[in-house]
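[1] Attaching a predicted model along with its sequence, questions to come.
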Amino acid sequence: MNQLKSLQSKLKSLRLSETSSHLPTLLEEAASNDETHAGFLMRLVDYEQRRRDEKQMEKRLKWATFPHHKTLDSFDVSEQQSLSKREFNQLKELLWMEQLFNIILLGPPGVGKTHLAIGLGIQAIHQGYKVIFTSMGELIQTLKTEEITRKSQTRMKRIRNADLVIIDDLMFMAMNSHEANLFFHLINDLHDNASVILTSNKAPKEWGELLGDPAITTAILDRIIHRAEIIHLNGDSYRMKHRKSIFEEESVTN
Ligand code: ADP
Ligand code: MG
C-alpha cells in the first residue's frame, strides 16, 4: 500500500473519515501553499471540524422534519403590524430558549404562524440546538404508537431529547381523554428541559373544548403558559394578499 492510501486508512480508523477522503486535496494545497507543519495540521483539523459541523447540521435539519424550508430572512416583519422589528430581533436571538421560555403564536390562517415557527426552528438548528417540528395530529399518533412501533419510539426519543419542539396547529383535532393524558405527560416532561412553540388559530380559552377534559386542559395550560410569550399575529392573510392572479393589473388610465 502506498503511503497516501495507508494514511487514509489510518485516519479512517481514527474516525477522521472526512479528512481521510479529502487528504489528497489537503496535501496538494499544502505543497502549493508552502505551508508550515503547524499550518497544515491546523487546516486539517479545521477541515474535519467544519465537515462534522456541516454533517451534524444536515442531520438535525433532516430530523426536524420541517414541512417547508422557511427562514427568518424571508419573513417580512413590516407585513406584520402586531410584531415590532425589535421584538422580532429578540425572538431571533433565541435568548428565550436559554430561559426555557415557550412561544405561543396565535392568529387566523395565513398570517405567517407556521413560517415564523419554522424560521425560528432553523435559526435554532444553526445555533446548535436540536429541534423537532410536528403537527398536533402526528404528535398524538406518534405518542399512541410509541410502545408499538420502532419508528414512533425513535421519533418520541428525538422529541424528548430536543431543545425546541414546535407543535403546529394545536387543537386542530379533538382529543379523547387518553390522548389528552398522553399529551399532558409529554408537555410535563418537556417543561424543564425544552422550549415549545405552539401555533394555533384558536385562543387558549377555547382549547379546553377541544381537549375535552377541563382538568387536563388547565394542567397543560399551566405548564405551557408558566413561562411563555404569547404573540398574536394578525392582519390580512399574507397568502391572500400576495396570491397570484390570472388577471392583469387594471391599467391606471382605464
Ligand atoms: P399560518 O401558519 O398562519 O396559516 P403560514 O405561515 O402558512 O400561515 O403562511 C402562509 C404563506 O404566507 C406562507 O407561504 C408564508 O411563507 C407566507 N407568509 C406569511 N406571512 C409572511 C410574512 N410576514 N413574510 C413572508 N411570507 C409570509
Ligand atoms: Mg400554519
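    Good, I have the coordinates. Ligands and ions are numbered 1, 2, ... in the order given.

[2] Go through stretch 192-207 and flag the buried ones.
    By 16 or more other CB atoms under 10 Å, the buried positions in stretch 192-207 come out as 194-201, 204, 207. The C-beta positions use only the backbone N, C-alpha and C, and glycine is treated the same way.

[3] Could you restrict those residues to the ones contacting ligand 1?
    Contacts with ligand 1 within the buried residues of stretch 192-207, as defined by CB under 6 Å from any ligand atom: residue 199.

[4] What is the most widely separated pair among the buried residues of stretch 192-207?
    194 and 201 (23.6 Å; CB to CB).

[5] Next, find the distance separating residue 160 from residue 132.
    From residue 160 over to residue 132 the distance is 9 Å, taken as CB to CB, to the nearest Å.

[6] I meant residue 25, not that one.
    The gap separating residue 25 from residue 132 is 36 Å, by CB to CB.

[7] more neighbours, the two?
    More neighbours surround residue 132 than the other of residue 25 and residue 132, with 24 against 10 (other CB atoms under 10 Å).

[8] show me what contacts whichever residue of the stretch 51-200 of the chain sits closest to ligand 1?
    Proximity of the stretch 51-200 of the chain to ligand 1 (CB to the nearest ligand atom) peaks at residue 112, 2.7 Å away. The contact partners of residue 112, taken as CB atoms under 8 Å, 6 or more residues apart in numbering, are 75, 79-80, 233, 238.

[9] Just give me the closest of those residues to residue 180.
    Among those, residue 233 lies closest to residue 180 (CB to CB), at 26.2 Å.

[10] for the stretch 51-200 of the chain, which spans come out with low pLDDT?
    Applying pLDDT under 70 to the stretch 51-200 of the chain picks out residues 171-173.

[11] Can you show me the strands along it?
    Listed in chain order, the strands of the stretch 51-200 of the chain (DSSP state E, counting those that start in this stretch) span 102-106, 131-135, 164-168, 195-200.
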